[in-house]
Each structure stands twice: as structure tokens, then as C-alpha cells.
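In: build the 3D model from these lines:
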Amino acid sequence: MQPFMFVTDLDNTLVGNDGALLELNKKLSQHRQEYGTKIVYATGRSLFLYQELKEEKNLLEPDALVVAVGTEIYLNGSQMQDTNWSEKLSAGWNKEVVLSTTASFPELVPQPDSEQGGFKEVFS
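Out: Below is the predicted model of the structure:
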């Protein structure tokens, strides 16, 4: 068997069936240990909401974590964002343009501060 990269969304994909998640965690842990398989979670959740879900559902520690709709990447359990990714996003990001554009849509309401980020403005 060859190592592989297991990449998954969380809500209603990896998380949603506790029994299946428990079984999958066992198999992934074994495969990771035997073959060096990497685990990546990709989610629209903020880091804060991901950490809540991780504790609630006892998720495996990922090798890479992509949160906030792809605007933040954390590698190998680090609490520091991947600087290479942040630098790439910085090149074209203009928060003021986003805010001025969305201001013309009164039906858009900002989500809580915990869901906002350096490269992400979230509206409901």
C-alpha cells in the first residue's frame, strides 16, 4: 500500500455520523502509522469554530488544516498561519474594496467577529 493524502470537508462530510467517524479515525490512524498517510481538513469554519468541533467530535490531528474558506492554512498542528500562503493572498487583497462593494447590499449582515479574518469578510 502507498501513502496517500486524505483531504476532506468537515460538516456533513467527515462529521455527521459519529459511528462512521470513529471507524474511519481508527483506519486513518492505522494507515498514517503504517504508511505515512497525510490528513488534511478543509473547511469554511474559522480556526475558533474548527477547534470547538475538534474537541466535540474528537477529530484526529491533521497534517494540514485549511480554514476560513481557504484563507488560512496551518501545518503540522501549528497555531501560526502558513506565511507563504498569507503572502500569496496579500498580493491581491483589498479589504476596503470588499467592504465598499458589500455596503451597497443592505441584506448582507456581517457574521460574528470570530468568523472574520485577515483575508475574509463573511456575510450571511
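In: using CSV, list the CA coordinates for the longest helix along the chain.
Out: Determined from DSSP state H, the single longest helix within the chain is helix 18-35. Extracted as CSV, the C-alpha positions of helix 18-35 are listed here (Å, rounded to 0.1, in the frame of the first residue of the first chain):
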residue,chain,number,x,y,z
ASP,A,18,-20.4,9.5,14.9
GLY,A,19,-20.1,5.7,14.4
ALA,A,20,-18.7,6.1,10.9
LEU,A,21,-16.3,8.8,12.1
LEU,A,22,-15.0,6.5,14.9
GLU,A,23,-14.4,3.7,12.5
LEU,A,24,-12.7,6.0,9.9
ASN,A,25,-10.5,7.5,12.6
LYS,A,26,-9.2,4.1,13.6
LYS,A,27,-8.5,3.2,10.0
LEU,A,28,-6.8,6.5,9.2
SER,A,29,-4.7,6.4,12.4
GLN,A,30,-3.5,2.9,11.4
HIS,A,31,-2.8,3.9,7.8
ARG,A,32,-1.0,7.0,8.9
GLN,A,33,1.2,5.0,11.3
GLU,A,34,2.0,2.2,8.8
TYR,A,35,2.3,4.1,5.5
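In: state the distance from E96 to N12.
Out: Using C-beta to C-beta, to the nearest Å, E96 is found at 34 Å from N12. Quick note: C-beta positions are derived from backbone N, CA and C, even for glycine.
In: tell me the spacing between the most far-flung residue of the chain relative to its centre and Q111.
Out: When distances are taken from the C-alpha mean of the chain, S104 lies farthest, 29.1 Å away, according to C-alpha atoms, centre = their mean. Per C-beta to C-beta, S104 is found 18 Å from Q111.
In: before we move on, what about V98?
Out: Counting by C-beta to C-beta, the gap from V98 to Q111 is 14 Å.
In: where exactly do the strands run in the protein?
Out: 5-8, 38-42, 64-67, 72-75 (DSSP state E).
In: alright, that wraps it up for me.
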